[in-house]
Each structure stands twice: as C-alpha cells, then as structure tokens.
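**Student:** Kindly return the folded structure for what I paste below:
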Amino acid sequence: MGNGNPRRRPRKKKLANRVDDVLDATHEQSAPTPDLELPQENDGVKSEFESTKNPQDTETHTPEKVRELGKDKKEISEDPSYPSTDLTDDDLGDFLNNKQGKGTYSEDSLSLTLKVWRQSGPNARGRFETYLVENISEDMSFLEMFDVLNENLINEGIEPVEIASDCREGICGTCGCMINGKAHGPEKATATCQLHMRKFKDGDTIVVEPWQAASFPIIKDLVVDRSPMDRIIESGGFITVPTGSAPDANLIPVPKDAADTAFDAAACIGCGACIAACPNSAAQLFTSAKVQHLNLLPQGQAERWSRTEDMVEKMEEYFGSCTNHGECHEACPKEIPLDFIAYTNRDYVKSKRKNRKLLGQG
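**Tutor:** Predicted structure coming up:
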C-alpha cells in the first residue's frame with residue numbers, strides 16, 4: 001500500500017473535445033507546405049466519396065481519412081455520449097462531416113419526379129407542376145426531401161412550395177398531405193414528417209396534394225385551413241373541475257382500464273388524415289377521440305353529456321356523416337381505434353335521453 005493518494009486513472013476526453021482535436025488535425029493537414037508532396041488525382045477515376053465534397057470545403061472526412069487521422073473507433077464506441085455501440089469508419093466520417101456542416105454520403109441516392117399541387121391562393125386556379133429532384137438520400141424524411149426541392153427552386157428563382165410543418169416528430173399533426181393518393185403516404189401509422197424516402201424507389205413519380213376535403217379550403221399550395229377542427233374542440237373539449245397543481249391531480253384515483261383507454265384517445269394529434277381519407281369527409285374519429293379522452297376520466301364527468309352533444313353537433317355543421325367505411329382508422333398515424341366512435345354514439349344517445357327527461361318528455 002502506498003503512503004500517498006492512490007493514482008487516479010486519467011479521465012477520457014469528452015467526445016466533443018476529441019472530435020475537435022481531429023478537426024484541428026485535419027485543418028493543419030489541409031494547408032499545403034513546400035515540403036509536403038500532394039497526392040495526384042487518380043487519372044480521372046473518381047472516389048466513391050467525391051460526390052460529398054463541396055468546392056468551398058478543404059477536407060471531407062471519408063473512412064480513409066478517419067483511419068489516417070488515427071481515430072480510435074473502440075474508444076469512441078465506448079463513450080456514453082456517442083449513441084452507437086457499433087461504430088464504423090463510415091459512422092465516424094458522417095459524424096465528423098455533420099459537425100463541419102457537410103452532407104452525408106449515401107450510395108443509395110434517389111432521383112425522383114414530383115408532381116406537386118400549386119395554388120397561389122384560396123380563390124386561384126390550381127395546377128400540378130412537375131419537378132425533378134436528384135441525389136436524395138434514402139435516410140431523408142419526406143419533409144427533408146421537400147427542403148431540397150425548395151432550395152433548388154429558390155436557386156432557380158422560382159417560388160418555393162408552401163407546405164406546413166412544425167415539430168417534424170410526428171406529434172403536432174401540422175404536416176399532413178396526400179402522397180400518391182394516400183393520407184400521409186404509403187407507410188401505415190406514420191405521419192408525413194416521419195415518412196422516409198427509403199419507402200420509394202429510384203425513378204419513382206410521387207404525386208403530392210393537399211388534404212382533399214371541402215371542409216379544408218386550400219390556403220396556398222399544400223397548406224389548408226383546418227380551423228373547423230378547432231371549432232369542434234372549442235365547443236366542449238375542456239373540463240371545469242378544478243384539479244389544482246399536478247400533485248393534486250395525481251391524488252384523484254383513476255381506474256387503470258379507464259386511464260389506458262383515455263391515453264389511447266389522447267394520442268390523436270389532430271392532423272386531419274381521417275377526414276381526408278373518408279369518402280364522406282367525416283370527422284367522427286377525430287371528434288370521438290377528443291370527446292372520449294375526457295369522458296373516460298373522473299375529472300370529465302361534470303360535462304360528459306353536454307360535451308358529447310355539443311361537440312357532435314358542431315362536427316355535423318362542418319363535416320359529413322360517418323357511414324362506417326373505416327378508412328379513417330387506416331389513415332390515422334396514431335391508429336386511433338374505431339371503438340371510440342361507438343363510445344361517442346352511445347354517449348350521444350344517452351345525452352339526448354337525459355335532455356328529454358329534464359324537459360319532461362321521456
């Protein structure tokens with residue numbers, strides 16, 4: 001045993017610091033000196049990673065360059081701040097390139113033909129415009145592909161396509177549109193912003209349209225007015241019971257079955273896909289989800305009957321009637337069950353009976 005303090009193992013550098021060291025080393029190597037003989041080009045044969053280079057950049061981190069810099073893959077893969085546990089040279093190259101703002105190379109790039117609905121305003125005449133986008137990575141989301149399209153249009157002096165988006169995480173429901181005739185596109189239970197280009201093939205033609213419903217008038221291009229959905233929520237999507245702070249609300253006992261079912265209903269993001277997919281443009285699934293996620297909880301019982309009646313009748317002012325096609329469930333990115341429509345119909349009938357009793361008519 002030693003008399004002094006035990007020797008401490010040197011702490012590993014943070015990943016960001018190690019990456020900065022690599023970047024510094026790269027910048028030092030990028031400046032030619034009289035004593036350094038630069039390599040010659042391969043007689044016109046392009047490297048498979050050459051397409052990622054920007055003429056303004058001095059260096060692109062290819063796997064070969066990563067190995068030249070002596071980066072320890074095992075060391076980084078064990079670092080808890082790096083998400084991957086199976087690090088490859090390609091992973092590290094992409095990580096470093098993204099840190100410098102460079103694009104990531106993908107061998108599986110796509111060239112696509114887009115037929116996009118263009119309409120300058122609510123009363124303007126609309127039309128389809130055809131655009132070609134190239135070098136689209138399969139790892140891009142649909143909205144990222146649209147970012148590439150709009151950047152190309154701006155560079156060509158053409159007005160970009162208006163498409164609504166916000167969170168890009170499949171939560172807000174802002175980004176919905178028709179893709180090849182399907183609400184949100186070909187992948188089931190997936191919002192437009194979560195749809196990735198690997199679902200398409202090189203050379204595909206993609207038709208992009210706004211929601212097709214009379215209740216959703218077009219504002220511009222792919223952006224529609226979905227305020228009728230807000231009117232439904234305003235008519236009864238609230239509770240009046242004072243729940244206090246979060247700890248106080250947690251003291252209210254809720255049966256597990258009721259809580260689980262209410263959570264399923266509350267998953268609705270209000271995107272409008274159910275309405276766009278319905279042959280009748282009915283909003284029954286949306287309205288039922290917004291009604292039942294409150295009706296199923298103890299806090300929502302005070303307005304249960306009036307809420308159901310008010311929200312259903314407001315829905316009928318703006319949207320068509322449900323005829324049990326079930327297209328709404330198939331198009332829903334959150335797969336809201338059709339059971340909620342049955343629950344709401346049951347509550348609506350009961351609310352009418354209660355009103356008749358109050359009026360002495362039943």
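**Student:** got the residue ranges for the helices in the stretch 101-250 of the chain?
**Tutor:** Applying DSSP state H, counting those that start in this stretch to the stretch 101-250 of the chain gives helices spanning 142-155, 227-236, 246-250.
**Student:** I'd like to know which of those is closest to Ser321.
**Tutor:** Ser321 sits nearest to helix 227-236 of all the helices of the stretch 101-250 of the chain, at 14.7 Å, using C-beta to C-beta. To be clear about C-beta, it is placed using only N, CA and C from the backbone, and glycine gets the same treatment.
**Student:** Need the residues that contact that closest one.
**Tutor:** Applying C-beta atoms under 8 Å, 6 or more residues apart in numbering, the contact partners of helix 227-236 are 215-216, 270, 272, 275, 283, 286-287, 290-291, 303, 306-308, 310-311, 313-315, 317-319.
**Student:** Generate the ChimeraX command that creates a selection of the buried members of those.
**Tutor:** In ChimeraX, this line selects whichever of the contacts of helix 227-236 come out buried by 16 or more other C-beta atoms under 10 Å:
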select :215,216,270,272,275,283,286,287,290,291,303,307,308,310,311,314,315,318,319
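**Student:** Which ones among the contacts of helix 227-236 lie within strands?
**Tutor:** Among the contacts of helix 227-236, none falls in strands (DSSP state E).
**Student:** returning to what we had before: out of the helices of the stretch 101-250 of the chain, the one nearest Gln119 is which?
**Tutor:** With C-beta to C-beta as the criterion, Gln119 lies closest to helix 142-155 of the helices of the stretch 101-250 of the chain, at 15.6 Å.
**Student:** CA atoms only: put that closest one into CSV for me.
**Tutor:** Taking Å, rounded to 0.1, in the frame of the first residue of the first chain, the C-alpha atoms of helix 142-155 are listed here in CSV:
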residue,chain,number,x,y,z
PHE,A,142,-40.2,13.4,-46.8
LEU,A,143,-40.0,16.9,-45.5
GLU,A,144,-36.2,17.0,-45.8
MET,A,145,-36.7,16.0,-49.4
PHE,A,146,-39.1,18.9,-49.8
ASP,A,147,-36.4,21.2,-48.3
VAL,A,148,-34.1,20.1,-51.1
LEU,A,149,-36.8,20.8,-53.7
ASN,A,150,-37.5,24.2,-52.3
GLU,A,151,-33.8,25.1,-52.1
ASN,A,152,-33.4,24.2,-55.7
LEU,A,153,-36.5,26.3,-56.7
ILE,A,154,-35.2,29.3,-54.8
ASN,A,155,-31.8,28.9,-56.5
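**Student:** Mind listing residues that contact that helix?
**Tutor:** 112, 114, 116, 131, 133, 136, 140, 159-161, 163, 165, 168, 175, 179, 185, 192-193, 195-197.
**Student:** Of those residues, which count as buried by neighbour count?
**Tutor:** Applying 16+ other C-beta under 10 Å to the contacts of helix 142-155, the neighbour count classes 112, 114, 116, 131, 133, 136, 140, 161, 163, 165, 168, 175, 179, 185, 192-193, 195-197 as buried.
**Student:** which residue ranges form the strands in the chain?
**Tutor:** Per DSSP E, the chain carries strands over the ranges 109-118, 127-137, 178-179, 182-183, 205-209, 218-220, 223-224.
**Student:** any chance of those strands in CSV, plus mean pLDDT and distance to Met145?
**Tutor:** CSV is the format used below for the strands of the chain (pLDDT from 0 to 100; distance: least, C-beta to C-beta, whole Å):
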stretch, mean pLDDT, distance to Met145
strand 109-118, 97, 8
strand 127-137, 97, 5
strand 178-179, 98, 11
strand 182-183, 98, 17
strand 205-209, 98, 9
strand 218-220, 98, 20
strand 223-224, 98, 18
